[in-house]
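Novice: This is a predicted model, with the sequence first.
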Amino acid sequence: MAKIKVLVVDDSAFMRRIIRQMIESDPDIEVIGAARDGREGVDMAMALKPDVITMDIEMPRMDGMEATAIIMDRLPTPIIIISSLSIDEARATLDALDKGAADYIAKNLVNTALDVVKIQDELVSKIKAVARRKHKYVRPEGRHEALQLVERRDGFATQKIAVVAIGASTGGPRAVQEVLSRLPADLPTSFIVVVHMPKAFTGAFAERLDGICPLKVKEAEDGETIKHGHVFVAQGGTQTRVVKKGVTDFSVVISDEPLLSIYKPCVDITFGSVADAYPGRSMGVILTGMGHDGMEGMRLIKEKGGKTIAQNEQTCIIYGMPKAVIDAGLADKVAPLENIAGEIVNMI
């Protein structure tokens, strides 16, 4: 089997060397070129036609955002952004994802050797995953018109769905944006969004969503009340749960428990709390992502009488999380990404 060919774009010679070593630790992947800035990266991408590109953000002459946009316009290729754990780079990384990048790696190479190994494993896994889905990468379209709510259901007693929990991982930021931007502003329900992101990213992600979505979006805070018409984004580096305080009173609880959880935030943990707090009145939505986080949470929502939706294979960046849900028979609806907002509105 042919090796996966990777182009590395980074203005730091040290980082180019480190990234090459990480990538070539796997015998199935090879680095076929290393560019020193975005402009050189575009030229090398056109000439070498790699299977995957790793892209730095801050570079001279042409930054990673501009280079990503040009490559996705001329030769759509899976691009993984290599981003530092800063708020400014988080915002820039989200811009690059909006321009068509497939995913990102949050680098922090100044800590322990264990951190470096974890980053290496994550980078290799993501390169292999996105390389398999190369044909799916196109530059995103512009914003969409939000759906109109045909029938409004006010009142706790008659409302079918009180909360919608959305989970995603690889490719998730763009997918969540696609769904939320299509929803009407007057939906009489709440939303909890869980995407595998570090702490520096979730606040920036919530800000971005709030600027483009009809609904009010914010990063979840410990102790705050869940409100209809609002979207709460789970904080990175912690676990977000929803608890019932009264007949119509629900609030957010944020903690570090369990300490040994693979994912922080974890979709299963948040979805499980939603199922318990809103038995029969919750909806789980699983979008693109690697692994199977969210499957057990969807099972709990369904067992408690809630509704479930999974993104279909054809529109996923990575068909891992939805596949686990669908294969387990836990999806009431399987829909392409562009139809999921409509399915949500129909079920509420």
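Specialist: Sure thing, it's come through.
Novice: Keeping just the C-alphas, turn the helix or strand of the chain with the lowest mean pLDDT into PDB.
Specialist: Every helix and strand of the chain was ranked by mean pLDDT, DSSP states H and E. The lowest is helix 113-132, at a mean of 82. C-alpha atoms of helix 113-132 as PDB (Å, rounded to 0.1, in the frame of the first residue of the first chain):
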ATOM      1  CA  ALA A 113       8.000  14.100  27.000                       C
ATOM      2  CA  LEU A 114       4.500  12.500  27.600                       C
ATOM      3  CA  ASP A 115       2.900  15.600  26.100                       C
ATOM      4  CA  VAL A 116       5.100  15.300  23.000                       C
ATOM      5  CA  VAL A 117       4.100  11.600  22.600                       C
ATOM      6  CA  LYS A 118       0.400  12.400  23.000                       C
ATOM      7  CA  ILE A 119       0.700  15.100  20.300                       C
ATOM      8  CA  GLN A 120       2.600  12.700  18.000                       C
ATOM      9  CA  ASP A 121      -0.100  10.000  18.400                       C
ATOM     10  CA  GLU A 122      -2.900  12.500  17.800                       C
ATOM     11  CA  LEU A 123      -1.100  14.000  14.700                       C
ATOM     12  CA  VAL A 124      -0.500  10.600  13.200                       C
ATOM     13  CA  SER A 125      -4.000   9.400  13.800                       C
ATOM     14  CA  LYS A 126      -5.600  12.600  12.300                       C
ATOM     15  CA  ILE A 127      -3.300  12.400   9.200                       C
ATOM     16  CA  LYS A 128      -4.400   8.800   8.600                       C
ATOM     17  CA  ALA A 129      -8.100   9.600   9.200                       C
ATOM     18  CA  VAL A 130      -8.300  12.700   7.000                       C
ATOM     19  CA  ALA A 131      -6.300  11.100   4.200                       C
ATOM     20  CA  ARG A 132      -9.000   8.500   3.800                       C
END
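Novice: Show me what that helix is in contact with.
Specialist: With contacts defined as CB atoms under 8 Å, 6 or more residues apart in numbering, helix 113-132 is touched by 4, 6, 19, 22-23, 25-26, 28-29, 51-52, 54, 78, 80, 102-103, 105, 107-109, 170, 290, 317-318, 320. (Each C-beta comes from the backbone N, C-alpha and C, glycine too.)
Novice: Give me the next element, helix or strand, following that helix.
Specialist: Using DSSP states H and E, the helix or strand that follows helix 113-132 towards the C-terminus is strand 163-168.
Novice: which strands and helices sit next to the next helix-or-strand element following that following strand?
Specialist: Where DSSP H and E defines the elements, the next helix or strand beyond strand 163-168 is helix 172-181. Helix 172-181 is packed against helix 87-98, strand 163-168, strand 190-195, helix 199-212, helix 337-347, with contacts defined by 3 or more CB pairs under 8 Å, 6 or more residues apart in numbering; DSSP states H and E.
Novice: Show me which residues of the last one are buried.
Specialist: In terms of neighbour count (16 or more other CB atoms under 10 Å), helix 337-347 has its buried residues at 337, 339-341, 343-345, 347.
Novice: Need those residues in CSV (columns: distance to residue 68).
Specialist: What follows is those, written out as CSV (distance: CB to CB, whole Å):
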residue, distance to residue 68
337, 20
339, 27
340, 25
341, 26
343, 30
344, 30
345, 32
347, 35
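Novice: ok, which pair from those is furthest apart?
Specialist: 337 and 347 (16.4 Å; CB to CB).
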